[in-house]
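Asks: Here you go, sequence then predicted model.
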Amino acid sequence: QVHLVESGGGLVQAGGSLRLSCAASGRTFSNYAMAWFRQAPGKEREFVGVISWSGGSTYYADSVKGRFTISRDNAENTVYLQMDSLKLEDTAIYYCAASEVIASTLRGECRYWGQGTQVTVSS
């Protein structure tokens, strides 16, 4: 079992930055690829990006590529989502998730999920 807790959400103006954190506890954190997803009101959950277990590989959705950066600290059992140049359409609840298989995250198939943290971008 892996328990995930997101933090760092809040209200930010368009063009601003925010960094989300996802703290993991339980099974060995470094065994898992870690992904971020988001869900806006009235919309389906959307893949944001993923980082491999080692941190050596990352992959992002086109909608956030060049603006968002995922990193991880396996010693601290934490994964981060740095969000820059935020847009109104980035407003959503952001979730982190863990998967043994990185490819599965692209399909939203993750074994463990956090409870989410709200990000609101204002004009």
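Replies: Done, it's in.
Asks: what's in contact with the helix or strand bottoming out on mean pLDDT in the chain?
Replies: Lowest mean confidence among the helices and strands of the chain (mean pLDDT, DSSP states H and E): helix 102-105, at a mean of 90. Contacting residues not belonging to helix 102-105 are listed as Ala33, Ala35, Phe47, Val50, Ser52, Trp53, Ser57, Tyr59, Ala97, Ser99, Cys110 [CB atoms under 8 Å, 6 or more residues apart in numbering]. Heads up, the C-betas are built off the backbone N, CA and C, glycines and all.
Asks: if you set the cut-off to 6 Å instead, what comes out?
Replies: Under the contact criterion CB atoms under 6 Å, 6 or more residues apart in numbering, helix 102-105 has outside partners Ala33, Ala35, Val50, Ser52, Ser99.
Asks: and the residues you listed, which are buried?
Replies: Burial by neighbour count, 16 or more other CB atoms under 10 Å: within these this picks out Ala33, Ala35, Val50, Ser99.
Asks: Excluding chain neighbours, what is closest to the last one?
Replies: Closest residue to Ser99 in three dimensions, ignoring its sequence neighbours and counting by CB to CB, 6 or more residues apart in numbering: Cys110, at 4.3 Å.
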